[in-house]
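Chemist: how would this look folded up:
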Amino acid sequence: MRIIAGKLKYKRLYFKKNQNLRPTRNIVKKSFFDTMRGLIEGCVFLDLFAGSGSVGMEALSRGAKRVVFVDSSNDSVSLIRKNTNNFDNVDVIKSDAEKFLDNPLVRSAGVVYVDPPYAFDVEVFLEKLFKVVNRNAIVCVEHDKKRHLRGDFGLFKCFKSKNFGKNTLDYFGVVDE
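Modeler: Below you'll find the predicted structure:
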């Protein structure tokens, strides 16, 4: 697995094949970062349910000021630490994502990438996230295409949705009317 663009382009990431990890495919990452062009550079990027950490590493490569990786798995946290050991502008946090929502770093994030296990009740989590995240943040959720997320969470509305085979990316933000 490699970084696909930015100052770390082609950097090989350590990755241990594990049936519990579902790394974000390059086509999905490319589409996400194309959509977020201009918003990543200089932002605090929050990678929730980080897994392999490849999305957060891509954000780092593309100029994020700080990347915060959050995952509850010891294996994932070890893997992310191995991939980020030479960087000062990263935080790797072993935590349940829901418990992490109390952390002040959530409020400072400009972009939040949420990629929970497909069986996870992501809508309940999003209700909690949207209560604490910065009003100017963009939140992107990667989920199983079979699960249809509602498009409205108070001020946060889904403004873009894109399918990639078995998965979907939904983008949420405060949409001025």
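
Chemist: so is the residue nearest to the spatial centre of the chain in a helix, a strand, or just coil?
Modeler: By Cα atoms, centre = their mean, the chain has its centre lying nearest to Y113, at 2.1 Å. Three-state call for Y113 (DSSP: H, G, I helix; E, B strand; the rest coil): strand.

Chemist: for V67, what are its contacts?
Modeler: Applying Cβ atoms under 8 Å, 6 or more residues apart in numbering, we find V67 in contact with 44-47, 56-57, 59-60, 84, 89-91. C-beta coordinates here come from the backbone N, C-alpha and C atoms, glycine included.

Chemist: how far away is the closest residue to T84 other than its chain neighbours from I80?
Modeler: Using Cβ to Cβ, 6 or more residues apart in numbering and skipping the chain neighbours, the partner closest in space to T84 is V90 (4.5 Å). As for V90, its distance to I80 is 8 Å (criterion: Cβ to Cβ, to the nearest Å).

Chemist: before we move on, what about V114?
Modeler: 16 Å.

Chemist: more crowded one of those two?
Modeler: I80 (29 against 22; other Cβ atoms under 10 Å).

Chemist: okay, whatever helix or strand I27 lives in in CSV with CA atoms only?
Modeler: Assessed by DSSP states H and E, I27 sits inside helix 26-35. C-alpha atoms of helix 26-35 as CSV (Å, rounded to 0.1, in the frame of the first residue of the first chain):
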residue,chain,number,x,y,z
ASN,A,26,-7.1,4.2,-4.0
ILE,A,27,-10.0,5.1,-6.3
VAL,A,28,-12.0,6.1,-3.2
LYS,A,29,-9.1,8.1,-1.7
LYS,A,30,-8.5,9.8,-5.1
SER,A,31,-12.1,10.9,-5.4
PHE,A,32,-12.3,12.0,-1.8
PHE,A,33,-9.1,14.2,-2.0
ASP,A,34,-10.2,15.6,-5.4
THR,A,35,-13.5,16.7,-3.8
